[in-house]
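*Asks:* coordinates only, sequence not included:
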C-alpha cells in the first residue's frame with residue numbers, strides 16, 4: 001500500500017498532460033488483427049484517487065476495421081455540461097496517465113462480432129449519460145459494469161477496487177452480476193452482496209468490496225484488488241483461427 005501512495009505523490013508532482021499514454025503491447029493493432037475483437041481494461045486512476053480505485057473502459061474492433069473504438073466515462077465532462085460517455089479511437093492498451101492497464105477480457109472472431117451490437121445497444125441505453133459522481137457512483141466503472149451486465153457472453157467481472165461497479169440503479173436493488181452468472185443485491189452502491197460463478201462471494205460495505213473468488217482462488221479486497229490467482233472469464237468463448245498475425249494478448 002505504501003508503494004501506491006508513493007506513486008500517487010509522483011503522479012501529483014507530474015503534469016497529466018505529459019503523463020505516459022503509450023501502449024504496453026498486449027492489444028493488436030488493426031493491421032495485425034483482421035478479426036473482430038472485444039476487450040475490457042482497467043487501470044489505476046490518476047493522482048491520489050489511484051490509491052483507492054481503478055478506471056475502466058471497453059474496446060472493440062469490427063472485422064477488417066481500420067481502427068479501434070473505445071468507450072469510457074470521463075468525469076470532468078459532467079462539470080462542463082457535456083455527456084460523460086466518450087468515444088475515442090486510441091490503442092486500447094495505452095497507459096492511463098502513466099498507470100499500466102490490466103486486461104480483463106479478450107474475445108476475438110465470430111463471438112466478438114456477435115457481441116458488438118449488444119455492446120452498442122448498452123452504450124446507447126446507459127441510464128446516466130449526463131451524470132458523474134466519484135463515490136459511490138455512477139462513474140466510469142458504473143458505465144462499464146452496465147455494458148457488461150447487458151452484453152451476453154461476457155463471463156468475467158471488474159476488480160473489487162473498481163468503485164462504482166456496484167451502482168446498479170437508484171430503484172434497482174437486485175440485478176444480474178456483470179458476468180451474467182449470478183445475482184447481486186445493492187443499495188445505492190453502498191451496501192450489498194454478490195454471489196456468482198465468476199464473482200464468487202462479495203460483500204459491499206460503504207462501497208468497499210471484500211470477497212473470495214472460488215473459481216480462481218483469490219481474496220478480493222478494497223484498494224488492493226485481488227490477492228491470489230489472476231482473474232479470467234469463467235467460461236471459454238470459442239475463437240476462430242486468425243487469418244493474419246495477431247498479438248499474443250490474453251485475459252489477465
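*Replies:* Happy to help now that I have it. These numbers were taken from a predicted model, which means no experiment stands behind them.

*Asks:* Report the secondary structure state of the nearest residue to residue 184 once chain neighbours are set aside.
*Replies:* Counting by Cβ to Cβ, 6 or more residues apart in numbering, residue 184 lies nearest to residue 194, which is 4.4 Å off, once chain neighbours are set aside. Every residue, glycine included, has its C-beta placed from N, CA and C. Secondary structure assignment for residue 194 (DSSP: H, G, I helix; E, B strand; the rest coil): strand.

*Asks:* How many residues are close by residue 194?
*Replies:* Using other Cβ atoms under 10 Å, the number of residues around residue 194 comes to 26.

*Asks:* bridging residues for residue 58?
*Replies:* residue 40, residue 71 (DSSP bridges).

*Asks:* quick one: it from residue 218, how far?
*Replies:* Using Cβ to Cβ, to the nearest Å, residue 58 is found at 23 Å from residue 218.

*Asks:* now do residue 52
*Replies:* For residue 52, the distance to residue 218 - Cβ to Cβ - is 19 Å.

*Asks:* How about residue 84?
*Replies:* Residue 84 is 31 Å from residue 218, by Cβ to Cβ.

*Asks:* got it, and residue 62?
*Replies:* The gap separating residue 62 from residue 218 is 34 Å, by Cβ to Cβ.

*Asks:* show me where the chain has strands.
*Replies:* Using DSSP state E, the strands of the chain run over residues 37-44, 54-61, 69-73, 85-88, 102-108, 174-176, 182-187, 191-196, 200-205, 208-213, 218-221, 225-228.

*Asks:* Tell me which of those strands sits nearest to residue 126.
*Replies:* strand 85-88 (6.3 Å; Cβ to Cβ).

*Asks:* now for the closest one, which elements pack on it?
*Replies:* Applying 3 or more Cβ pairs under 8 Å, 6 or more residues apart in numbering; DSSP states H and E, one finds that strand 85-88 contacts strand 69-73.

*Asks:* contacts for the strand it packs on?
*Replies:* 55-61, 84-90, 92, 119, 123, 132, 138-140, 142-144, 147 (Cβ atoms under 8 Å, 6 or more residues apart in numbering).

*Asks:* Restricted to buried residues, select those in ChimeraX.
*Replies:* In ChimeraX syntax, the buried subset of the contacts of strand 69-73 is picked out as below (16 or more other Cβ atoms under 10 Å):
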select :55,56,57,58,59,60,61,84,85,88,92,119,123,132,138,139,140,142,143,144,147
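
*Asks:* Would you mind measuring the gap between the ends of stretch 163-173?
*Replies:* In stretch 163-173, first residue to last residue: 17 Å (Cα to Cα, to the nearest Å).

*Asks:* which of the residues in that stretch are buried?
*Replies:* 163-169.

*Asks:* can you list those residues in CSV and add distance to residue 183?
*Replies:* Formatted as CSV, those follow (distance: Cβ to Cβ, whole Å):
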residue, distance to residue 183
163, 21
164, 19
165, 15
166, 13
167, 16
168, 11
169, 14
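
*Asks:* So which of those residues is the closest to residue 156?
*Replies:* For the buried residues of stretch 163-173, the nearest to residue 156 is residue 165 (12.1 Å; Cβ to Cβ).

*Asks:* residues in contact with the closest one?
*Replies:* So residue 165 contacts 56, 137, 141-142, 144-145, 157-158, 178 (Cβ under 8 Å, 6+ apart).

*Asks:* Of residue 62 and residue 218, give the one with the bigger neighbour count.
*Replies:* Between residue 62 and residue 218, residue 218 has the larger neighbour count (other Cβ under 10 Å), namely 19 against 16.
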